[in-house]
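# here is a sequence with its predicted model. Questions after.
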Amino acid sequence: MASDSIILTLGQQVECYRKLSKLAAAQHEHVQRSETEALLAVLQKRQEVLEQIGELERVLSPVKRQWREYLGRLDGGSRERAEQMMVETRMLLEQITAADRNDALVLQQRKVELGQQIKQATSSRQVNRSYAAAAYGSRPSNMDVQR
């Protein structure tokens, strides 16, 4: 594949990672605000961008496996541009991964808190039943369920 098309594909990949970074920021806002529907919409958009990145990666993967040789065939300006795009891609990927890790921790903490609230509500119901039984005794039902 010609060097120009690889440079173009690298540029498209960087743009996808920039979009993904913006979507990760939006995701973070929705996680913080507990906006489930908006979060699901962002996750859907992220999936679409990830699919685009997958397509671009299929083109770039053979070149990346021989990255040094590829760079050696480029003129100075193209080589510098290609290297800058790879650095930006790595930087964006690290930012996205860190943001996702933080969001996962927030969601995990909420899950634990919700579990504790459910347990507390269940315990409260049991206490209320026990109190009612102790205070009023257990009375047989007046309803005839045989009919």
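Everything's here; your move. Remember, predicted model here, so these are calculated numbers, not experimental data.

# tell me which element L74 is part of?
Using DSSP states H and E, L74 sits in no helix or strand.

# without its sequence neighbours, what residue ends up closest to it?
S3 (5.8 Å; C-beta to C-beta, 6 or more residues apart in numbering). For the C-beta atoms, the positions are set from N, CA and C on the backbone; glycine is no exception.

# from K119, how far out is I6?
56 Å (C-beta to C-beta, to the nearest Å).

# comparing the two, which residue is more hemmed in?
More neighbours surround I6 than the other of I6 and K119, with 19 against 10 (other C-beta atoms under 10 Å).

# what about the strands in this protein?
Assigned by DSSP state E, the strands in the chain number zero.

# residue contacts, the most centrally placed residue in it?
Closest to where the C-alpha atoms of the chain average out (C-alpha atoms, centre = their mean) is D100, at 5.1 Å. D100 makes contact with 24, 27 under the criterion C-beta atoms under 8 Å, 6 or more residues apart in numbering.

# quick one: pLDDT of it?
The score at D100 is 95. That number is its pLDDT.

# what of G137?
In this model, G137 carries a pLDDT of 65.

# same question, E15
Looking at E15, the pLDDT reads 98.

# so how far is M91 from it?
Shown here: E15 relative to M91, a distance of 14 Å by C-beta to C-beta.

# just checking, H30 touches R46?
No. With contact defined as C-beta atoms under 8 Å, H30 does not reach R46; the gap is 11.6 Å.

# any common contacting residues for these two?
With C-beta under 8 Å, 6+ apart, H30 and R46 have no common neighbours.

# return the distance of the lowest-mean-pLDDT helix or strand in the chain from the chain's centre.
Ranked by mean pLDDT, DSSP states H and E, the helix or strand of the chain with the weakest confidence is helix 76-136, at a mean of 85. Offset of helix 76-136 from its chain centre (C-alpha atoms, centre = their mean, to the nearest Å): 10 Å.
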